[in-house]
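*Asks:* the sequence and its predicted three-dimensional model are supplied below.
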Amino acid sequence: MLLNGMLRVGARQGARLLSSQSVMEMPPCDFEPPPYKGPTYQDTRQIRKDLLSPVMVPHFTNPLLIHAGHMQWLFDHTGKRYLDLFGGIVTVSLGHCHPKVIAAATEQMNRLWHTTHIYLHPKIHEYAEQLTSKLPDHLKVVYFVNSGSEANDLAMMMARLYTGNFDIITFRNSYHGASPYTAGLTAHGTWKYNFANGFGIHHAMNPDPYRGLWGGYRDSPVQSVRASESEVHDGVCASSDKYLAQLEEIMMYSLPKGKLAAFFAESIQGVGGTVQYPLGYLKKAFELVKANGGVCISDEVQTGFGRTGEHFWGFEGHGIKPDIVTMAKGIGNGFPLAAVVTTTEIASTLKNALHFNTFGGNPLASAIGISVLEVLENEKIQQRCQDIGTYFLQRLAELRDEFEMVGDVRGKGLMIGVEMVKDSTTRNPLSPQTMMEIWDLCKDQGVILGRGGYFGNVFRIKPPMCISKEDVNFTISVLRNVIHKVQR
């Protein structure tokens, strides 16, 4: 412990020398945005204040007025360029205005924009074939909707109808949507309102290797500083059984015996701050759910479509076979599109009554969805996530060793979180004021980061999956410079 502490102090002293250097130059971009012709910045902010819902609070102390985008870059009304490391909240998967997606959308718009699935049209059928081919063989029936909340709504209904049971379990710190129905699934007080929700929904202890009671090893190139508190045997972290006992207690004491309807799990928690689980936990949890009559639902809204690098779907990294998979966000590269994929047996429950979605699987959305799958394959995006994401995590780990306030670096592929703390021993969250200062300064130097976690102290890095090593190096340079300034 003493040696590790000396090394860490030495690294921090080295960081102070490095941080005194100027920030490296932003990587080049040959795209020129068109001139901005909209309302003035002041008028835009006044319209936002007067006419848009007060819940629509823009990011940053001085919000950005964005008017153009190209791949990993965004441009404000003055023409200033920013490296987008949040991708419209993990939604722009391939890059802003990707030319091949634009071409597919334009071709379809010139032919047919909309007709519901009361008619046959080719694109929804072509897309259903291509999308389900990316999933395990037992998941063959797809229902298209428009958002992740809608997808999780439908998954809840399917699970209850199929099992005949009512109770559902999710994790504390999870996020599965903000509609009146999915608000109950979400266990994150920041997103809760004072209205009736969550009837029949229970929240299990979150098996968090960094903040949880028992620490643990996770599936990440960078381990938690608390990994040594547990051991790994045959690929399973010993802390998994301790967290699993907490899940089992809910089934024993809070549910009718053996009458669970469903268990929801994000493969890696998104809004909750890129939280992963101890090795082997989720597989054992799925087995426990099955033994209690429930179906297992994987929320791939943020982790799907190659983002985690090693696999196309996040759940594959856990060695599990879900009964239902929900997906959205990156599925359409920013176009409103989502889906629920399940087994033939579970899907058959919807034959007992009508369930209709006006825009689900419309021709334009389906054409865009097909183009996203094609680009993912042709441009080897999943491999890029693996290579660039691993490099990014390793570079961020350098900052964790250099700066006391960088508490944890975690994730897989380009699903990355950096948790900021007052000090590494207590793991107390960095103050909101200091977080905002770092956030603003990074933006001023051309890097847009997301934020998440219950305390808002986790920088969420989920960029368009086309970023380069040069972009990573630029980001590290900016973060090092900004943290040094704030720390000083």
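*Replies:* Received, thanks.
*Asks:* excluding chain neighbours, what is closest to residue 276?
*Replies:* residue 218 (4.1 Å; CB to CB, 6 or more residues apart in numbering). Using the backbone N, CA and C atoms, a C-beta is placed for each residue, glycine as well.
*Asks:* and the gap between the one you found and residue 82?
*Replies:* With distances taken as CB to CB, to the nearest Å, residue 218 is found 31 Å from residue 82.
*Asks:* how much space separates residue 148 from residue 73?
*Replies:* Applying CB to CB to residue 148 and residue 73 gives a distance of 25 Å.
*Asks:* quick one: which of those two has more around it?
*Replies:* Higher neighbour count among residue 148 and residue 73: residue 148, with 27 against 22, using other CB atoms under 10 Å.
*Asks:* wait, what's in contact with that one?
*Replies:* If a contact means CB atoms under 8 Å, 6 or more residues apart in numbering, then residue 148 has 176, 177, 299, 301, 326, 327, 328, 329, 338 as its contacts.
*Asks:* circling back to that earlier point, residue 218 and residue 82 - which one has more neighbours?
*Replies:* residue 218 (24 against 21).
*Asks:* residues contacting the more buried one?
*Replies:* Shown in contact with residue 218 (CB under 8 Å, 6+ apart): 209, 224, 227, 237, 276, 277, 278, 279, 410.
*Asks:* okay, among those, which ones form the most distant pair?
*Replies:* Farthest pair in the contacts of residue 218 (CB to CB) is 237 and 410. Separation: 14.3 Å.
*Asks:* how about the strands of the stretch 101-250 of the chain, start to end?
*Replies:* Secondary structure of the stretch 101-250 of the chain, counting by DSSP state E, counting those that start in this stretch: strands at 141-145, 167-171, 201-204, 232-233, 236-237.
*Asks:* thinking again about what came up before, between the contacts of residue 218, which sits nearest residue 139?
*Replies:* Proximity of the contacts of residue 218 to residue 139 (CB to CB) peaks at residue 277, which lies at 21.7 Å.
*Asks:* neighbours of that closest one, how many?
*Replies:* Using other CB under 10 Å: residue 277 sits among 28 other residues.
*Asks:* so where do the helices sit in the stretch 301-450 of the chain?
*Replies:* Along the stretch 301-450 of the chain, counting by DSSP state H, counting those that start in this stretch, helices occupy 344-347, 363-378, 381-402, 432-444.
*Asks:* likewise the stretch 151-300 of the chain?
*Replies:* 239-253, 281-291.
*Asks:* just give me the neighbour total for residue 473.
*Replies:* Residue 473 has 15 nearby residues by other CB under 10 Å.
*Asks:* kindly report the same for the one 3 residues further on.
*Replies:* When neighbours are defined as other CB under 10 Å, residue 476 has 17 of them.
*Asks:* secondary structure element for it?
*Replies:* When secondary structure is defined by DSSP states H and E, residue 476 falls within helix 469-487.
*Asks:* hey, C-alpha coordinates of that helix in PDB?
*Replies:* C-alpha atoms of helix 469-487 as PDB (Å, rounded to 0.1, in the frame of the first residue of the first chain):
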ATOM      1  CA  LYS A 469      -6.700   8.000 -31.700                       C
ATOM      2  CA  GLU A 470      -5.900  11.600 -32.500                       C
ATOM      3  CA  ASP A 471      -9.300  12.600 -31.000                       C
ATOM      4  CA  VAL A 472      -8.500  10.600 -27.900                       C
ATOM      5  CA  ASN A 473      -5.100  12.200 -27.500                       C
ATOM      6  CA  PHE A 474      -6.600  15.600 -27.900                       C
ATOM      7  CA  THR A 475      -9.200  14.800 -25.200                       C
ATOM      8  CA  ILE A 476      -6.600  13.600 -22.700                       C
ATOM      9  CA  SER A 477      -4.600  16.800 -23.300                       C
ATOM     10  CA  VAL A 478      -7.700  18.900 -22.600                       C
ATOM     11  CA  LEU A 479      -8.800  17.000 -19.500                       C
ATOM     12  CA  ARG A 480      -5.300  17.000 -18.100                       C
ATOM     13  CA  ASN A 481      -5.000  20.800 -18.700                       C
ATOM     14  CA  VAL A 482      -8.400  21.500 -17.200                       C
ATOM     15  CA  ILE A 483      -8.100  19.300 -14.100                       C
ATOM     16  CA  HIS A 484      -4.700  20.800 -13.400                       C
ATOM     17  CA  LYS A 485      -6.200  24.300 -13.600                       C
ATOM     18  CA  VAL A 486      -9.100  23.400 -11.400                       C
ATOM     19  CA  GLN A 487      -6.900  21.600  -8.900                       C
END
